[in-house]
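Undergrad: Fold the following for me, if possible:
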Amino acid sequence: MSADRDRAYQQHSAASGYPIVLCRCSSYEASEVREALERFWNLAGGIGQFVRPSDRVLIKPNLIVPSESDKAAQTHPAVIVTLAQMMKEAGAKPMVGDSPAWGDVRACLKALQIDTVLDSMQVPMVQLDRAVRVKIDGVSVGISRAALEADVILNVPKFKMHQQLGATFAVKNMFGCVVGKEKPLWHFLRGGDAEAFCRLLLGIYRYLAPAVNLVDAVIAMEGQGPISGTPRHLGYFIGGTDPIACEYACCRLVGLEPMSLPILRTAAAINFGCPSPERITVLGDPLPETPCPDFRFAQQTPLRFTLPRICKSIAKQALLLLKNRLG
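TA: As a prediction, the model looks like this:
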């Protein structure tokens, strides 16, 4: 399926140039989220352009740690639930999946207080495990079988600053389809070379080829993300088929220099995605003339994880998973 998705992604991007959709949304009140996401899909050409009846749709939010919605560490629950409802209304078969750094998918969704809601909707919550080895950027990477077998992937990241990569918008969220603690292992194996690490991230994104990216920036995370930052109201959804165009638009919202981000430097170096911000066409609300003037960026720490850090992470995750299963 990944090859088919990749071809469809390339064809759609080539045909449509580099449009992004920008929709204002002032709060996570359910009716306002619904209205904003309906507008998003209409501007993007309609859900039917991307999802067919009976498609197995993986909604891939950012579920990183069991954390309440007001911490802004995870994709907001109202966004996840509304997208699941929309997929069911389109006749598709949605599931919500990720491979969190801490805890599991159900624990993360329970912290967001939507595990029982999704259960009542008969929307599966899927731990992205069960690795299939695939060759990406010259190395074997363990990608979740559930992600590979989905007919459509909706990439729904949270707008966050990031201590190792500057910021995480569209591309990095797909790293969550790498199974379990293989993710910190790649930080160790490739973290000494930011371009090599980002080539891997871009390769994973391209292999999985999400149909659509929808960045949750209603409440973003500034400062020391991706977990320890602070919430900051921005009031937008940013989306489109090209992840680099989405990332450029996200940078513009907060006055972040795009080439300060390793992912965007690497994308430019390998000619992946939108070649420059000038090639973007904005549909919906315009990008603000004056970006958020005092948005706090992250102080950078080493991208490469040490072996003791990885061992500690594995032990902590094992204890959390055991606790979740027992309690």
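
Undergrad: List the contacts of the residue nearest to R24 when sequence neighbours are not counted.
TA: Using Cβ to Cβ, 6 or more residues apart in numbering and skipping the chain neighbours, the partner closest in space to R24 is D285 (4.9 Å). C-beta coordinates here come from the backbone N, C-alpha and C atoms, glycine included. D285 sits next to 22-24, 236 when contact means Cβ atoms under 8 Å, 6 or more residues apart in numbering.

Undergrad: Secondary structure, distance to A101 and neighbour count added to these, as TSV?
TA: Shown next, in TSV, are the contacts of D285 (DSSP: H, G, I helix; E, B strand; the rest coil; distance: Cβ to Cβ, whole Å; neighbours: other Cβ atoms under 10 Å):
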residue	secondary structure	distance to A101	neighbour count
L22	strand	29	23
C23	strand	29	23
R24	strand	31	14
Y236	strand	26	25
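
Undergrad: Between which two of those residues is the distance greatest?
TA: The largest separation in the contacts of D285, counting by Cβ to Cβ, is between L22 and R24 at 7.7 Å.

Undergrad: C250 - how many residues pack around it?
TA: Per other Cβ atoms under 10 Å, the neighbour tally for C250 reads 25.

Undergrad: Return the residues in contact with it.
TA: Contacts of C250 by Cβ under 8 Å, 6+ apart are 159, 167, 169-170, 215, 217, 238, 256.

Undergrad: go with 6 Å
TA: Counting by Cβ atoms under 6 Å, 6 or more residues apart in numbering, C250 makes contact with 169, 238.

Undergrad: Next one: A220 from R199, what distance?
TA: From A220 across to R199, the span is 26 Å (Cβ to Cβ, to the nearest Å).

Undergrad: swap that for S276, please
TA: Relative to R199, and taking Cβ to Cβ, S276 is found at 20 Å.

Undergrad: Among those two, which residue is more densely surrounded?
TA: Neighbour totals were compared for S276 and R199, and R199 leads with 21 against 12 (other Cβ under 10 Å).

Undergrad: which ones are touching the closest residue to that one other than its chain neighbours?
TA: Using Cβ to Cβ, 6+ apart and skipping the chain neighbours, the partner closest in space to R199 is D137 (5.0 Å). When contacts are counted by Cβ under 6 Å, 6+ apart, D137 touches 199-200, 203.

Undergrad: Buried residues of stretch 104-120, list them for me.
TA: 104-112, 114-115, 117-118 (16 or more other Cβ atoms under 10 Å).

Undergrad: how about CSV for these, with pLDDT and distance to I280 added?
TA: Listed next are the buried residues of stretch 104-120 as CSV, based on pLDDT from 0 to 100; distance: Cβ to Cβ, whole Å:
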residue, pLDDT, distance to I280
D104, 95, 37
V105, 97, 33
R106, 97, 38
A107, 96, 37
C108, 97, 32
L109, 98, 33
K110, 97, 38
A111, 97, 35
L112, 98, 31
I114, 98, 33
D115, 98, 37
V117, 98, 35
L118, 98, 34
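
Undergrad: hmm, back to that, relative to G229, which of the contacts of D137 is nearest.
TA: Out of the contacts of D137, the member with the shortest distance to G229 (by Cβ to Cβ) is L200, at 24.2 Å.

Undergrad: so where does G203 fall, helix or strand?
TA: Assigned by DSSP states H and E, G203 belongs to helix 194-208.

Undergrad: which helices and strands sit right next to that helix?
TA: strand 131-136, helix 182-190, helix 262-269 (3 or more Cβ pairs under 6 Å, 6 or more residues apart in numbering; DSSP states H and E).

Undergrad: what sits up against stretch 251-266?
TA: Applying Cβ under 6 Å, 6+ apart, the contact partners of stretch 251-266 are 165-167, 171, 194-195, 198-199, 247-248, 287, 291-292, 295.

Undergrad: How far does that stretch sit from its chain's centre?
TA: Distance, stretch centre to chain centre, for stretch 251-266: 16 Å (Cα atoms, centre = their mean, to the nearest Å).

Undergrad: Return the set of buried residues in it.
TA: So for stretch 251-266, counting by 16+ other Cβ under 10 Å, buried means 251-254, 256, 258, 261-264, 266.

Undergrad: Would you check that R39 makes contact with R24?
TA: No. The criterion here is Cβ atoms under 6 Å, and R39 misses it with R24 at 9.1 Å.
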